[in-house]
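Colleague: Predicted model and sequence below, questions to follow.
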4 protein chains.
Amino acid sequence: MLETIPQSRRERRIAARQAQILDAAAHVFSQKGYQNATTKDIAEAADVSEGTLYNYFANKRDLLIGVARAYADEVITDMETIQPEGYEDLLAQFMANRFRRGRERRLFMVFLYESRWNEDVRQYYVEEAMHHIIALTEQHIRDLIARGVLREVDPAIAARTMSATIMGFAALFELGISVNHGSPELLGTQVTDILWNGLRTYGKNGRD
Amino acid sequence: MLETIPQSRRERRIAARQAQILDAAAHVFSQKGYQNATTKDIAEAADVSEGTLYNYFANKRDLLIGVARAYADEVITDMETIQPEGYEDLLAQFMANRFRRGRERRLFMVFLYESRWNEDVRQYYVEEAMHHIIALTEQHIRDLIARGVLREVDPAIAARTMSATIMGFAALFELGISVNHGSPELLGTQVTDILWNGLRTYGKNGRD
Amino acid sequence: MLETIPQSRRERRIAARQAQILDAAAHVFSQKGYQNATTKDIAEAADVSEGTLYNYFANKRDLLIGVARAYADEVITDMETIQPEGYEDLLAQFMANRFRRGRERRLFMVFLYESRWNEDVRQYYVEEAMHHIIALTEQHIRDLIARGVLREVDPAIAARTMSATIMGFAALFELGISVNHGSPELLGTQVTDILWNGLRTYGKNGRD
Amino acid sequence: MLETIPQSRRERRIAARQAQILDAAAHVFSQKGYQNATTKDIAEAADVSEGTLYNYFANKRDLLIGVARAYADEVITDMETIQPEGYEDLLAQFMANRFRRGRERRLFMVFLYESRWNEDVRQYYVEEAMHHIIALTEQHIRDLIARGVLREVDPAIAARTMSATIMGFAALFELGISVNHGSPELLGTQVTDILWNGLRTYGKNGRD
DNA sequence: AATGAATGAGACTTCATTCAT
DNA sequence: TATGAATGAAGTCTCATTCAT
């Protein structure tokens, strides 16, 4: 809630240092996961000493929470800036934005996993980011149904199905399981096609 | 008769003890994840000493591999015993079988995550189980397309979409994100409905 | 002091089993040293179970002592059977007998080392075998001096010098430090030549 | 000036701490041998925590190598500083320098033994130190033969005989086998006398 | 008497965290 | 504020020894 621009030079320096450390932590976590990452790794990546980490974050877990929070903010912003006209390729755009970069996919996996053992990660990542995304998606779907674009599915179910499919594909990508001849973008289009056909009405957008 | 069932009392005792330890390990891993689980935890859950673990498994990683292998076998058997007549609710049945129990869902998440850091888990779980499942699904879809039940989607894409959606829902469940008024079975049905509609043809099974 | 021939079949069987285990232990100790050798190694080499070892020997240390005692007996017997006429090549013969086989050299090193940490090994190997050998050598030297063959060195010093040189060469051999063009036998001859020249008188055997 | 002496205070502190730990390790290894020594022992002797050991050495084996290397350096320096005029009592001086202190003798035994199981100890101690010593000795002997002081023995054999005798005496000392009425210095003189007589010519230095 | 699975003490090692400089 | 050496709790793993079969 203190999301204002830091006034003093001191505050700006602190914020910059925090961001520098968080970025390093995100990098290391995405490469090694939370447990395998050492504070030494993170300090080296951030080009500070280990001791300095503890001047900005209470402990290693706090670093993970910081990364999760930043990631959640980014996801929400990303989601909200997708233009309403793009309803049909909502998934495609979101997938492209989120999972084009391996680092984002891997971080996503880390949060997904660690939120089971870490209440705060769950708080920041799951509660805030994912619920937010799902709520937005649900609203979109509700609108589309009202406008007759989509058939009358349960919007809650539909929104969760979309999220689940996206998450699942991120995992498949990370596991190296994917169609060999498809780029991320092409894949996104094809997946969207299937889900979209599962959801839409068949008056105006009949099969070709 | 001589192949599958251990002959001597000694061999039976060893197999039983191995199973006992693997079961304990599966339990602990599903509760704590791999890294948070200690060999002490597992030994206590198996009601043996820590040293005994090492009479049956080379190291902690080997325990995880053992659990993954057993899980993979189970998944494949499960998949193969689903009756062909149940094509339409293939997903529903599989989801119900696999993810009705929280322990299975949680183990699935553990394997999904650990396979990134552990080549053997990837080998046993991803390579053998998931590829197998996807291949089977792909074949089912191919058949259904040939019989005109499904429209002409790319079977590879479709099979992966199904897997991704199932995996994603397992994750959502674990995260506590799901429709509050739905049982796993009802959920499965609804999800299936969406995907099914995204895949089927619209001649005989047109919308009502 | 019970060095009689076992009467009953039972006693003979016990003695045979003990010998079998001791031989295995000697083999393993010579290959791996005492600390690196495991009771499992020894049991496998002896083709018995680990438990059986403990029916014949109180503990692992007791196995080492048993091997040391047997080795000491052998050394003493060996030493005593060298013919008196062979005075001049006493060293050569003894070196050849003792250290021709790598196993003997390596066991020697093991006893030498372990006797520092193990009072019983010191007792059986050092006290009994080495003191015996040195005493015998000393007596030989005393005789040779009395007969005018050797010059009037201190027999105690001379005997210890001989032992030290032999031991040292065994070590050099094990370390792989030796003259590349010499066989053990040739080496023995040359070493003997040097020591012998250091000890003998120069009336009848003057330099040529 | 910039090479041998650490510049900064930090580097000096690190070097001092390393030396402190190595000294403690040398002490413990000489008392207990390598295998019997625990990292706990060494940490206590160095008056640091066990964890601190691992800030300076990768593992226990690395500590042994560090001690061996320091010892080897010391031996070589020692050997090289013995004055050429002292040819005749080369052994006596070297023995006195090396083995007057029990700790040196015991460490020597530890390296001798452990180099069989530890490639790096062999590298640092045997390859570098012992080969060096033997080569130097061989050269000395070669010179003495050329100058007619020693008779025409094989210099390689003679050098190895000297080394072997010294090593053997170190072992005898450790085993408590030695002439009871002799000091190390007197012993050294007597041993030298024997070897010397075994090597020298008999023109100018004939027996009296 | 023989077996070998079970035991558990204790070894080595890692690493998040602290704190003197 | 920054540093990074020191810490020590806690983890994994080994292996001599025991004991029920």
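Modeller: In hand now; what should we look at?
Colleague: Can the biggest helix by length in chain A be said to contact chain B?
Modeller: Identified as the longest helix of chain A according to DSSP state H is helix A:9-36. Yes: legend: contact between helix A:9-36 and chain B by Cβ under 8 Å from any Cβ of the partner chain is shown at A:32, A:33, A:35, A:36. To be clear about C-beta, it is placed using only N, CA and C from the backbone, and glycine gets the same treatment.
Colleague: wait, which of the residues you listed is closest to residue A:134?
Modeller: The nearest member of those to residue A:134, counting by Cβ to Cβ, is residue A:33 at 25.3 Å.
Colleague: just to revisit the earlier point, okay, the angle between the longest helix of chain A and helix B:9-36?
Modeller: Note on geometry: by axes from the mean of the first three to the mean of the last three Cα atoms, to 10 degrees, helix A:9-36 and helix B:9-36 are set 170 degrees apart in direction.
Colleague: what about helix A:9-36, distance to the chain center?
Modeller: Centroid displacement of helix A:9-36 relative to its chain, using Cα atoms, centre = their mean, to the nearest Å, is 18 Å.
Colleague: Report the two of the residues of helix A:9-36 next to chain B separated the most.
Modeller: By the measure Cβ to Cβ, A:32 and A:35 form the most distant pair in these, at 8.3 Å.
Colleague: I'd like to know which of the residues of helix A:9-36 next to chain B is nearest to chain D.
Modeller: Distances from the residues of helix A:9-36 next to chain B to chain D were compared by Cβ to the nearest Cβ; the smallest belongs to residue A:36, at 18.7 Å.
Colleague: what's the closest residue to that closest one other than its chain neighbours sitting at in phi/psi?
Modeller: Of all residues not flanking residue A:36 in the chain, residue B:117 sits nearest, at 6.2 Å (Cβ to Cβ, 6 or more residues apart in numbering or on different chains). When read as degrees, to the nearest 10, the backbone of residue B:117 gives phi -110, psi -10.
Colleague: and residue B:117, how far is that from DNA strand F?
Modeller: Using Cβ to the nearest atom of the strand, to the nearest Å, residue B:117 is found at 14 Å from DNA strand F.
Colleague: what's the answer for residue A:151, then?
Modeller: With the distance defined as Cβ to the nearest atom of the strand, residue A:151 ends up 51 Å from DNA strand F.
Colleague: do residue A:94 as well
Modeller: Going from residue A:94 to DNA strand F by Cβ to the nearest atom of the strand gives 37 Å.
Colleague: go on, residue A:176?
Modeller: Distance of residue A:176 to DNA strand F, given as Cβ to the nearest atom of the strand: 26 Å.
Colleague: so how many other residues sit close to that residue?
Modeller: Applying other Cβ atoms under 10 Å in any protein chain shown, we find 10 residues neighbouring residue A:176.
Colleague: wait, what's in contact with it?
Modeller: residue B:126 (Cβ atoms under 8 Å, 6 or more residues apart in numbering or on different chains).
Colleague: Over to it: give its phi and psi.
Modeller: Torsion angles, degrees, to the nearest 10, at residue A:176: phi 80, psi 10.
Colleague: is it true that residue A:69 touches residue A:124?
Modeller: Yes: judged on Cβ atoms under 8 Å, residue A:69 makes contact with residue A:124 at a distance of 4.5 Å.
Colleague: more neighbours, the two?
Modeller: Neighbours were counted for residue A:69 and for residue A:124 using other Cβ under 10 Å; residue A:124 has more, 23 against 18.
Colleague: show me the contacts for the more buried one.
Modeller: Here residue A:124 is in contact with A:65, A:68, A:69, A:72 (criterion: Cβ under 8 Å, 6+ apart).
Colleague: and the first one, what element?
Modeller: I take that to be residue A:65. Taking DSSP states H and E as the definition, residue A:65 sits inside helix A:60-81.
Colleague: Can you point out the buried residues in that helix?
Modeller: For helix A:60-81, burial by neighbour count (16 or more other Cβ atoms under 10 Å in any protein chain shown) applies to A:60-61, A:63-72, A:75-76, A:78-79.
Colleague: so what are the domain limits for chain A?
Modeller: If you go by automatic domain parsing, the domain ranges for chain A are A:6-57, A:67-199.
Colleague: can you give me the helices in chain A?
Modeller: With DSSP H as the criterion, chain A has helices spanning A:9-36, A:39-46, A:50-56, A:60-81, A:90-99, A:102-114, A:119-121, A:131-146, A:155-175, A:184-199.
Colleague: Turn these into a markdown table, including distance to residue D:48 and mean pLDDT.
Modeller: Shown next, in a markdown table, are these (distance: least, Cβ to Cβ, whole Å; pLDDT from 0 to 100):
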| stretch | distance to residue D:48 | mean pLDDT |
| --- | --- | --- |
| helix A:9-36 | 28 | 93 |
| helix A:39-46 | 20 | 98 |
| helix A:50-56 | 19 | 97 |
| helix A:60-81 | 25 | 90 |
| helix A:90-99 | 48 | 72 |
| helix A:102-114 | 35 | 91 |
| helix A:119-121 | 36 | 90 |
| helix A:131-146 | 51 | 87 |
| helix A:155-175 | 43 | 85 |
| helix A:184-199 | 53 | 69 |
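Colleague: Pick the most buried one from these.
Modeller: helix A:155-175 (a mean of 24; mean count of other Cβ atoms under 10 Å in any protein chain shown).
Colleague: Show me what that helix packs onto, helices and strands only.
Modeller: Counting contacts by 3 or more Cβ pairs under 8 Å, 6 or more residues apart in numbering or on different chains; DSSP states H and E, helix A:155-175 is packed against helix A:90-99, helix A:102-114, helix A:131-146, helix A:184-199, helix B:155-175, helix B:184-199.
Colleague: Residues contacting the helix holding residue A:65, please?
Modeller: A:18, A:21-22, A:25-26, A:29, A:34, A:39, A:42, A:53, A:57, A:94, A:97-98, A:107-108, A:111, A:114, A:118, A:120-121, A:124-125, A:128-129, A:132-133, A:136.
Colleague: Can you give me every residue that contacts residue A:135?
Modeller: So residue A:135 contacts residue A:159 (Cβ under 8 Å, 6+ apart).
Colleague: Look up how far DNA strand F lies from it.
Modeller: From residue A:135 to DNA strand F the distance is 39 Å (Cβ to the nearest atom of the strand).
Colleague: Can you tell me how far that residue is from chain C?
Modeller: From residue A:135 across to chain C, the span is 62 Å (Cβ to the nearest Cβ, to the nearest Å).
Colleague: before we move on, the earlier item: turn the domains of chain A into CSV, columns for distance to DNA strand E.
Modeller: As requested, the domains of chain A are exported to CSV (distance: least, Cβ to the nearest atom of the strand, whole Å):
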stretch, distance to DNA strand E
domain A:6-57, 4
domain A:67-199, 12
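Colleague: Minimum distance to residue B:192: which of those has it?
Modeller: That would be domain A:67-199 among the domains of chain A, by Cβ to Cβ, at 9.9 Å.
Colleague: Run the chain-centre distance for that closest one.
Modeller: Centroid displacement of domain A:67-199 relative to its chain, using Cα atoms, centre = their mean, is 8 Å.
Colleague: now do stretch A:33-43
Modeller: Distance, stretch centre to chain centre, for stretch A:33-43: 21 Å (Cα atoms, centre = their mean).
Colleague: does that stretch come close to DNA strand F?
Modeller: No: against DNA strand F, stretch A:33-43 shows no contacts by Cβ under 7 Å from any atom of the strand, the least distance being 7.7 Å.
Colleague: Name the surrounding residues that touch that stretch.
Modeller: With contacts defined as Cβ under 8 Å, 6+ apart, stretch A:33-43 is touched by A:21, A:24-25, A:28-29, A:31-32, A:49-50, A:52-53, A:60, A:63-64, A:110, A:113-114, B:35-36, B:113, B:116-117.
Colleague: In this structure residue A:27 contacts residue A:103, no?
Modeller: Yes: with contacts counted by Cβ under 8 Å, residue A:27 reaches residue A:103, the gap being 7.2 Å.
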